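# Provided below are the primary sequence and the corresponding predicted coordinates.
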Amino acid sequence: MIRRGLRIWPLYFFTFLCVLIFALTFGHGAQAKQYGWSDLIFITNFHNRGLVVGSWSLCTEEQFYIVTPLALFFLARHLRQVRNCRPWLWGLFFSVPLLRAAIWIHVTGHIFQHSPELFAPLYYSSLTHCDGLIIGLIIANLWVTREKPASRFATPGVLIALAVTLMFVLHQLQKEIFDFTALALFFGSLVWLGLQCRPAIFNSRIFYWVSRLSFGMYLNHEYMCPWMVNRLLPMLPYAVRFPVLTNLAGVILIAMFSASIALATFCCVEYPFLQIRKAVLRRHTAHHASREADLPKSQVRELA
């Protein structure tokens, strides 16, 4: 919670404060009063959409960071070993699309009936849109136990090929129910490829800055998109005659503006709290190291 909180909360609450001041300044006080409180307690994925655009996904993450450690804590005494969690995680992973299918059939009466109105609540709720989080836990479980999947077909390349094929098949079968699962398997296979192959790009300076700025870009890009699309892009030469090039220029300009703002907020808001986090975690590690030094070797091995 300390590691993730000091990474996410400073910029998130700074963004919330900026949006709140803007709303109050330009006469949207009633909207701020009606929707803003859900941003503060991270429930916009269940109750209204809040003031911060995209806060629903951050709420899903925060709920995950609270529920998962508690679940692991209470299950630890029964499961004994980390690898014993894996069957439960796979069962949980495949139960999520079954839950979506059950809700879909209950509401529409038919699994292949499409309904944009029903898709929205399934999309925002962490109960029905947590496939990626669960596949992340499965990958972490495999990695922390230093185990590879037993099957010879579980190499990263084969997994990606299977995930792409499955993603296409599931999308054609019923996209509202199965797309989240298919995407989780696809991106999970990419993560597994990265862990196994360690491509040079992960150690590059470009990747470092993308990872540093991505959170800020996620929070700010939605606010500049309407202005760019409605005001700036129509002013570009030949905007009407070449719409594809205009859209491409819009993506590039939005990315550049978003990255510039994210760089400023990273330096002014995120970086100071990351330094605080580093100091806190260093003290935490030193404290546990000193405690382990006082324990008998048999107890240290048991803890490990």
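All right, it came through fine. Numbers count the residues shown, from 1 in each chain.

# Flag the shaky bits of the protein, pLDDT-wise.
By pLDDT under 70, the weakly predicted segments of the chain are 147-154, 239, 291-304.

# Got the domain ranges for it?
When the chain is parsed with automatic domain parsing, its domains come out as 1-80, 86-198.

# Tell me how far the closest residue to residue 133 other than its chain neighbours lies from residue 54.
Of all residues not flanking residue 133 in the chain, residue 64 sits nearest, at 5.2 Å (Cβ to Cβ, 6 or more residues apart in numbering). For the C-beta atoms, the positions are set from N, CA and C on the backbone; glycine is no exception. Noted for residue 64: a distance of 16 Å to residue 54, by Cβ to Cβ, to the nearest Å.

# same deal with residue 156?
In terms of Cβ to Cβ, residue 156 sits 30 Å off from residue 54.

# One more: residue 136?
Counting by Cβ to Cβ - residue 136 and residue 54 are separated by 19 Å.

# Beyond the longest helix seen in the chain, next helix or strand please.
Longest helix in the chain, counting residues (DSSP state H): helix 156-197. Proceeding N to C from helix 156-197, the next assigned helix or strand is helix 205-227, under DSSP states H and E.

# buried stuff in that following helix?
212, 213, 215, 216, 217, 218, 219, 220, 221, 223 (16 or more other Cβ atoms under 10 Å).

# In contact with the third one, which residues?
Put plainly, it is residue 215. 7, 8, 11, 262, 270 (Cβ atoms under 8 Å, 6 or more residues apart in numbering).

# wait, doesn't residue 19 sit right on residue 52?
Yes. Using Cβ atoms under 8 Å, residue 19 is in contact with residue 52, at 5.8 Å.

# Who has more neighbours out of the two?
For residue 19 versus residue 52, the count of surrounding residues by other Cβ atoms under 10 Å is larger for residue 52: 25 against 21.

# Next one: that one from residue 62, what distance?
13 Å.

# what do you get for residue 142?
Following Cβ to Cβ, the distance that separates residue 142 from residue 62 is 25 Å.

# Over to residue 215?
For residue 215, the distance to residue 62 - Cβ to Cβ - is 14 Å.

# what sits in contact with each of those two?
With Cβ under 8 Å, 6+ apart as the test, residue 215 and residue 62 both reach residue 8.

# could you dump the buried residues of helix 205-227 to JSON lines with distance to residue 90?
Below are those laid out as JSON lines (distance: Cβ to Cβ, whole Å):
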{"residue": "212", "distance to residue 90": "33"}
{"residue": "213", "distance to residue 90": "34"}
{"residue": "215", "distance to residue 90": "30"}
{"residue": "216", "distance to residue 90": "35"}
{"residue": "217", "distance to residue 90": "33"}
{"residue": "218", "distance to residue 90": "29"}
{"residue": "219", "distance to residue 90": "33"}
{"residue": "220", "distance to residue 90": "37"}
{"residue": "221", "distance to residue 90": "35"}
{"residue": "223", "distance to residue 90": "39"}
